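Enquirer: Need a 3D model of the following:
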Amino acid sequence: MAQDAADPSAIAAITARLGGNNVSPYRARLIAAEVIEPAGRGRICFALPGLRGYLRSQTEPTA
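Expert: Below you'll find the predicted structure:
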């Protein structure tokens, strides 16, 4: 989700990036933990403010 430019993220796009694996169990766990939240049919977004930016900063290569 952090690499998506759009917010909210499409579950179909996440599933495709993971090679077609079923993301439903992970989605349910993250919703229960209040890390993400449903954002309409087939979409999810981060529930924690600033999490997208933080995750991006942790994965960007350092020069």
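Enquirer: Output the below-cut-off pLDDT ranges for the protein.
Expert: 60-63 (pLDDT under 70).
Enquirer: cutoff 80 now
Expert: For the chain, the stretches with pLDDT under 80 are 5-6, 60-63.
Enquirer: And the helices in it, which stretches?
Expert: 11-17, 24-32, 51-59 (DSSP state H).
Enquirer: now those in CSV, with distance to Gly42?
Expert: (C-beta placed from N, C-alpha, C; glycine too.) As requested, the helices of the chain are exported to CSV (distance: least, Cβ to Cβ, whole Å):
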stretch, distance to Gly42
helix 11-17, 5
helix 24-32, 11
helix 51-59, 19
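Enquirer: Most tightly packed of the ones you listed?
Expert: With neighbours defined by mean count of other Cβ atoms under 10 Å, none of the helices of the chain is more surrounded on average than helix 11-17, at a mean of 14.
Enquirer: who touches stretch 8-27?
Expert: 1, 4, 36, 39-40, 42-45 (Cβ atoms under 8 Å, 6 or more residues apart in numbering).
Enquirer: so which of the residues you listed comes closest to Leu55?
Expert: For the contacts of stretch 8-27, the minimum distance to Leu55 (Cβ to Cβ) is 8.2 Å, reached by Met1.
Enquirer: Who does the residue lying closest to that closest one once chain neighbours are set aside form a beta bridge with?
Expert: Closest residue to Met1 apart from its sequence neighbours, by Cβ to Cβ, 6 or more residues apart in numbering: Ser9 at 4.4 Å. Ser9 has these beta-bridge partners by DSSP bridges: Ile44.
Enquirer: Any idea how many residues pack against Ser9?
Expert: Neighbour count for Ser9, taken as other Cβ atoms under 10 Å: 21.
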